[in-house]
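S.K.: structure for the following, please:
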Amino acid sequence: MAKKLFIASPKAYAGKTVVALGLALKAVEEGARVCYMKPIGLAGTTVDGRPMDEDVVLMKKVLKLPQPYEFLCPIVVDEYFVEKLIKLKDRGMEEIIKACSQMQKDCDYLLLGGFKSTKSGLVAGLSIPEIAKKIDANILLATKASSEEVVDELLVEKSFIESMGARLQGAVLNFVPHYLYYHFKEDIVPLLEERGIRVYGVLREVPSLLNPTIREIVANLNGEVLTAPDKIDNTYETILIGAMGCESALIYARRAANKLVIVGGDRVDIILSILETPTVAMILTGGIHPGLRVLAKAEEKGIPIILVNYDTYTTVQMISKLGGRIKPEDVKRINMVKELISRDVDYKAILEG
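M.R.: Got it, this is the predicted structure:
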C-alpha cells in the first residue's frame, strides 16, 4: 500500500508545486516508486484538446508517469469552480477515490497536489481535509512565509484540518525573505513545533524561481519581441522602472544585476544608458518604437527589447501578478527545485512520516 501525502497550502501560489516536485525527485533518487495526482485541477493548458492542469502535465512528463490524465487529475475546473463542484455532489468524491485507488497500485509514495487552498471546495464537500480523510492521506502544508503572520495562519490551518478529522503531518516554510531567514530558523520554527506543528524545512526566497520568464511576460502582455529572441527564456531578480532622470536611472542600473527594466519607449537617453549595464530584458511601454539605434545596441548586447501597448504603471501591475511556472522542459528550474529541497528540507523525514 502506497504512503499518501497531500501537499496543500493555506493560500494559492504558496509553493506547493516546488515542494511536490522536489520531494518526488528526491524519492526517485532514493530508489522509490513515486506517483503524483491532483484530485482537483485548474484548467491552464490543453492536452489532446482536453483542459488540463499545468502542474499535472509537469509531473507526468518529469516523472514519466504512465497513467492516463483522467487518473492523474479526475476533476478539472476553471476559475468559476464552485458551481461545477456543487453539481458533482457525491460523484466528485467517488471519482477521486477511484483514481486514487488506481494510482496507488503502482507506487511506494503517492503525492497529491492541493487545489488553491485547503478550504477550496468546502462548499461541495471536496476540501483537502475531506478528501485526505477519505483516502487516508497525511497533509503537508507548504506555506509562503513572508512575515510572522504565518504563525497564526498555520495554527488556524492545524485547527481546521483536525476539526475535519484529517491528519496534519507538518509544514514547510517557503520563500522566506533573506533578512528573516535566521529569525525564522531560530525563533519561529521552535515556536511552531511547541504548538504541535512540525516544520520540515525553511526555504529561502529565490527570485529566479518565483519570477516569470521573459517569454511568459511576452505572452501575458501580448508583447512584441524586437531583439534577441533567443534570450527570452531567462528570468530576472529585480525590476527597475525608468521613470527618473538619466543620471539617476544609470546609478540604480549599475547597482542592480539580472534586472528587468520597464521604461517608456520615448526615453531613448535612459534606454541607451541602461543597455550598457547588466540587464536581462527591457520592456518599452506605450507602444512607442525605439528606433534603429536602440535596436542595434540591444542586439549587440544580447538584450531582448519587448514592445507593449500598455502604459508603464499598468505594465508593472500586470507583471506583479504573474508568477513563474515550472515547465517540463525547464531543466534549469527543475534542478534548482531539487537542489533546494535537498539542501533545506528534511525530505527523508517527510517521506517516512
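
S.K.: how about low-confidence regions in the stretch 201-350 of the chain?
M.R.: Applying pLDDT under 70 to the stretch 201-350 of the chain picks out residues 243-256.

S.K.: what is the burial count for the residue nearest to Ala171 when sequence neighbours are not counted?
M.R.: Distances taken as Cβ to Cβ, 6 or more residues apart in numbering put Leu141 closest to Ala171, at 4.2 Å, once the chain neighbours are dropped. C-beta: built from backbone N, CA, C; applies to glycine. By other Cβ atoms under 10 Å, the residues close to Leu141 number 31.

S.K.: cool, Glu83 as well?
M.R.: Residues contacting Glu83 under the criterion other Cβ under 10 Å number 11.

S.K.: still on that earlier bit, hang on, isn't the residue nearest to Ala171 packed against Leu168?
M.R.: Yes - using Cβ atoms under 8 Å, Leu141 is in contact with Leu168, at 7.0 Å.

S.K.: list residues touching both of those two?
M.R.: Glu157 (Cβ atoms under 8 Å, 6 or more residues apart in numbering).

S.K.: would you say the residue nearest to Ala171 is within a strand?
M.R.: Yes - assigned with DSSP: H, G, I helix; E, B strand; the rest coil, Leu141 falls within a strand.

S.K.: and it, what pLDDT?
M.R.: Looking at Leu141, its pLDDT reads 98.

S.K.: residues contacting it?
M.R.: With Cβ under 8 Å, 6+ apart, Leu141 has these contacts: 8-10, 118, 154, 157, 168, 170-172.

S.K.: what is the nearest of those to Val202?
M.R.: Using Cβ to Cβ, Val172 comes nearest to Val202 of the contacts of Leu141, at 7.8 Å.

S.K.: just list whatever residues bridge to that closest one.
M.R.: Going by DSSP bridges, Val172 is paired in beta bridges with Ala142, Gly201.

S.K.: what's the spacing between it and Asp136?
M.R.: Using Cβ to Cβ, to the nearest Å, one gets 21 Å for the distance from Val172 to Asp136.

S.K.: looking at those two, which one has more neighbours?
M.R.: Under the criterion of other Cβ under 10 Å, the comparison of Val172 against Asp136 puts Val172 first, with 29 against 12.

S.K.: show me the domain layout of this protein.
M.R.: Domain ranges of the chain: 3-209+325-352, 212-320, per automatic domain parsing.

S.K.: which of the contacts of Leu141 count as buried?
M.R.: Using 16 or more other Cβ atoms under 10 Å as the burial test, the contacts of Leu141 include 8-10, 118, 154, 157, 168, 170-172 as buried.

S.K.: can you pick out the ones from those residues that are in strands?
M.R.: The strands, defined by DSSP state E, take in 8, 168, 170-172 from those.

S.K.: circling back to that earlier point, can I get the buried ones among the contacts of Leu141 in TSV with distance to Leu58 and pLDDT?
M.R.: Shown next, in TSV, are the buried ones among the contacts of Leu141 (distance: Cβ to Cβ, whole Å; pLDDT from 0 to 100):
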residue	distance to Leu58	pLDDT
Ala8	18	96
Ser9	17	95
Pro10	22	93
Thr118	22	95
Leu154	26	97
Glu157	25	97
Leu168	26	97
Gly170	24	97
Ala171	23	98
Val172	19	97
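
S.K.: okay if I get those residues as TSV plus distance to Lys89?
M.R.: Output for these, formatted as TSV (distance: Cβ to Cβ, whole Å):
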residue	distance to Lys89
Ala8	22
Ser9	26
Pro10	26
Thr118	21
Leu154	31
Glu157	26
Leu168	27
Gly170	32
Ala171	32
Val172	33
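
S.K.: can you tell me which of those residues lies closest to Ile75?
M.R.: Distance to Ile75 across the buried ones among the contacts of Leu141 (Cβ to Cβ) is lowest for Ala8, with 15.7 Å.

S.K.: who's the closest one bridged to?
M.R.: Leu141.

S.K.: that one against Ile139, yeah?
M.R.: Yes - counting by Cβ under 8 Å, Ala8 does reach Ile139; the two are 5.6 Å apart.

S.K.: give me the common contacts of the two.
M.R.: What both Ala8 and Ile139 touch, as defined by Cβ under 8 Å, 6+ apart, is the set 118, 128.
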